[in-house]
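Undergrad: Any chance you can model this:
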Amino acid sequence: MKSNRRDFLKYAGITGLGVVSGAGVSACSGQDNTKDNQEDTKLANILAASQKEYQQTFNMCGYAAPKIEVVRVGFVGVGNRGGAAVERLSRLEGVDIKAICDIRPEQAKKAKDRIQFPGHEARLYHDGAEAWKSVCDREDIDLIYVCTHWALHTPIAVYAMEHGKHVAVEIPAATTVEDCWRLVETSEKTKKHCMMLENCCYDFFELLTLNMVRQGFFGELIHGEGAYIHDILDSFFDKDARWNLWRLRENAKRNGNLYPAHGIGPVCQAMDINRGDHLDYMVSMSSNDFLLKPLAEEKAKEDPSFKEFVDSPFRGNINTSTIRTGRGRTIMLQHDVSSPRPYSRIHLLSGTKATAQKYPLPGKIATSHEGWLEEKEMKALEDKYTPAIVRKIGELAKKVGGHGGMDFMMDWRLIDCLRNGLPLDMDVYDAASWSAIGPLSEWSVANGSKPIRIPDFTSGKWKENKPLDLSLEKGATTGTRV
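TA: Okay, here's the model as predicted:
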């Protein structure tokens, strides 16, 4: 059989799983190339996992775990993001930082030095690549806060939940659909929270528009747009920026929307995804790479250690993915981390009565096709619709910082929910469905932008799950120190 291996995968997607497996693809492709076979197996696994049938064992949406008066925290991975998180959580009352783990001893020490207030033991762990297991094994820790490179997110989260810990994990929570299912199954089995640390859901305009959606200002939402447009090309080749150039390696081997959560998270919350609607299917398209490979070739001339990237099949510079929900809404997502475009997450919500868009800054709202509302009208809307969480700690969050304050609001809300026994704003189904966009987009790109089903990680419970509640009618008792 001489059919192209990509054509075979397209055919497999139409006819169902059938004989789709690594061996089956290799046999039909007639190729012995190891890399091709590995890619075929990977794509086949994505397709199989997207079509998995699963019966929920326990509904984690709306689940209120027992109250924890003092949340004892262990940090794993304290580079750029993790070190800042240590500092922020040290400012929250009802938090005891018990452990700080990083494969680099100097990073663990720097993170401990960022603790702002006394009362935190913070034992350091840096003895080998699996030192994080010793942190998860401790019986005096309630929450594992994960900020490692992407490949470790799911293994640490699963291990931590299996050892009785709640988990807060950086984005994406998983890089394969199979791992998304592992997170869901483990969270349900252990009844431990698994929250993805999607800080953009706590940015000020996103929270404002979410509250406006809740109050019916936009009418029925029709369409949303989000993105991660952030030129970090030079940092990919900076050996001091990230451990083992891990972000460069991800972009060297994967072609799709690799970092979808910043864009899709706030849109999904506004559309009540997993709580009244669900992501149904998607298509994805990538440009060619015009920037990464030339820069790799240039860097290799200066530093021979970069030669391994010269022949890498770099992803396209820009990926555009479109999603249709079960209720017939649409979402457009973009990913671009290598071209010289101004930073943007777009954040567009289009409804039957109004439209909002954040970028270019500042955020704007329109109630007709005639144009955006004037500054005075915007101020009146902010006065009316600013949500309770912003009214309570918004100004403090701006002082503490962390991407303008949204990081601090996210951490405060997480700890306050755990201390008061409240459901988390983002549960494991959100972590899975937002993260799954990455590998699903890879499959679609590799198959000529063919549609692929997005798994329903709630097993149909989205029909009855309650919408996110940020009213602060319960809880909101956690104090802060500045």
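
Undergrad: ok but M282 is inside a strand, no?
TA: Yes: using DSSP: H, G, I helix; E, B strand; the rest coil, the assignment for M282 is a strand.

Undergrad: can you offset everything so residue one is 44?
TA: Okay, using 44 as the starting number, the last item reads as M325.

Undergrad: what's the nearest residue to it if we skip its chain neighbours?
TA: I366 (4.4 Å; C-beta to C-beta, 6 or more residues apart in numbering). Bear in mind the C-beta positions are built from the backbone N, C-alpha and C, glycine included.

Undergrad: strands paired with the host helix or strand of the one you found, and their directions?
TA: If you go by DSSP states H and E, I366 is part of strand 362-368. Strand 362-368 sits in its sheet next to strand 322-329 (antiparallel), strand 373-379 (antiparallel), going by DSSP bridges.

Undergrad: Mean pLDDT and distance to T197 for those strands - can I get that in TSV?
TA: Putting those into TSV (pLDDT from 0 to 100; distance: least, C-beta to C-beta, whole Å) gives the following:
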stretch	mean pLDDT	distance to T197
strand 322-329	98	20
strand 373-379	98	20
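
Undergrad: any chance of those strands in JSON lines, with mean neighbour count and distance to A284 too?
TA: Formatted as JSON lines, these follow (neighbours: other C-beta atoms under 10 Å; distance: least, C-beta to C-beta, whole Å):
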{"stretch": "strand 322-329", "mean neighbour count": "21", "distance to A284": "24"}
{"stretch": "strand 373-379", "mean neighbour count": "22", "distance to A284": "18"}
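
Undergrad: so how far is D470 from E345?
TA: Taking C-beta to C-beta, to the nearest Å as the measure, E345 falls 46 Å from D470.

Undergrad: so how far is I389 from P383?
TA: Distance from P383 to I389, by C-beta to C-beta: 17 Å.

Undergrad: How about the contacts made by the closest residue to C190 other than its chain neighbours?
TA: Nearest non-adjacent residue to C190, counting by C-beta to C-beta, 6+ apart: G125, 3.3 Å away. G125 sits next to 118-119, 145, 154, 188, 190-191 when contact means C-beta atoms under 8 Å, 6 or more residues apart in numbering.

Undergrad: In helices, which of those residues fall?
TA: A154 (DSSP state H).

Undergrad: would a markdown table of the contacts of G125 with distance to A284, pLDDT and neighbour count be doable?
TA: What follows is the contacts of G125, written out as a markdown table (distance: C-beta to C-beta, whole Å; pLDDT from 0 to 100; neighbours: other C-beta atoms under 10 Å):
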| residue | distance to A284 | pLDDT | neighbour count |
| --- | --- | --- | --- |
| F118 | 20 | 98 | 29 |
| V119 | 19 | 98 | 28 |
| D145 | 15 | 97 | 26 |
| A154 | 17 | 97 | 26 |
| Y188 | 21 | 98 | 28 |
| C190 | 14 | 98 | 24 |
| T191 | 15 | 97 | 23 |
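
Undergrad: How is this protein partitioned into domains?
TA: 48-93, 114-240, 244-506 (automatic domain parsing).

Undergrad: circling back to that earlier point, tell me how far the strand holding I366 lies from the chain's centre.
TA: On the basis of C-alpha atoms, centre = their mean, to the nearest Å, strand 362-368 sits 16 Å off its chain's mean C-alpha point.

Undergrad: Can you give the contact residues for it?
TA: Strand 362-368 is contacted by residues 298-301, 303, 307, 314, 316, 320-330, 373-379, 480, 484, 487-488, 497 when judged by C-beta under 8 Å, 6+ apart.

Undergrad: repeat that with 7 Å
TA: 299-300, 314, 316, 320-329, 373-378, 480, 484 (C-beta atoms under 7 Å, 6 or more residues apart in numbering).

Undergrad: from the contacts of G125, which single one is nearest T429?
TA: Nearest to T429 among these is Y188, at 28.4 Å by C-beta to C-beta.

Undergrad: L513 is nearest to which of the domains of the chain?
TA: Closest to L513 of the domains of the chain is domain 244-506 (C-beta to C-beta; 5.5 Å).

Undergrad: Can you find the helix or strand of this protein with the lowest average pLDDT?
TA: In the chain, no helix or strand scores lower on mean pLDDT, DSSP states H and E than helix 65-72, which sits at a mean of 33.

Undergrad: ok so, going back, E345 and D470: which is more packed in?
TA: Set E345 next to D470 and count neighbours by other C-beta atoms under 10 Å: D470 wins out with 26 against 9.

Undergrad: Tell me the spacing between G518 and A107.
TA: 10 Å.

Undergrad: Which residues are in contact with each of the two?
TA: Common neighbours of G518 and A107 (C-beta under 7 Å, 6+ apart) are L465.

Undergrad: show me where pLDDT drops low in this protein?
TA: 44-76 (pLDDT under 70).

Undergrad: Make sure G267 is indeed in a strand.
TA: Yes: under three-state DSSP, G267 falls within a strand.

Undergrad: who's it bridged to?
TA: Going by DSSP bridges, G267 forms beta bridges with I374, L392.

Undergrad: now the strands for the stretch 144-293 of the chain?
TA: 166-168, 186-189, 209-212, 237-239, 264-272 (DSSP state E, counting those that start in this stretch).

Undergrad: How about the stretch 344-493 of the chain?
TA: Counting by DSSP E, counting those that start in this stretch, one finds strands in the stretch 344-493 of the chain at the ranges 362-368, 373-379, 391-394, 398-400, 407-409.

Undergrad: can you list the ones you listed in CSV and add distance to E136?
TA: As requested, the strands of the stretch 344-493 of the chain are exported to CSV (distance: least, C-beta to C-beta, whole Å):
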stretch, distance to E136
strand 362-368, 40
strand 373-379, 38
strand 391-394, 35
strand 398-400, 35
strand 407-409, 36
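
Undergrad: can you map out the helices along the stretch 294-443 of the chain?
TA: 304-313, 335-345, 418-428, 431-443 (DSSP state H, counting those that start in this stretch).

Undergrad: For M204, which of the ones you listed is the nearest?
TA: Closest among these, using C-beta to C-beta: helix 304-313, at 19.7 Å.

Undergrad: which residues are contacting that closest one?
TA: Contacts for helix 304-313 (C-beta under 7 Å, 6+ apart): 214-215, 239, 241, 243-244, 249, 252-253, 256, 264, 267, 269-271, 374, 376, 388-390, 392, 473, 477-478, 480, 511.

Undergrad: ok, back up a step: between the strands paired with strand 362-368, which gets nearest to M453?
TA: Comparing those by C-beta to C-beta, strand 373-379 comes nearest, at 20.8 Å.

Undergrad: Not counting its neighbours along the chain, what's nearest D139?
TA: R115 is the one closest to D139 (C-beta to C-beta, 6+ apart), at 4.7 Å.
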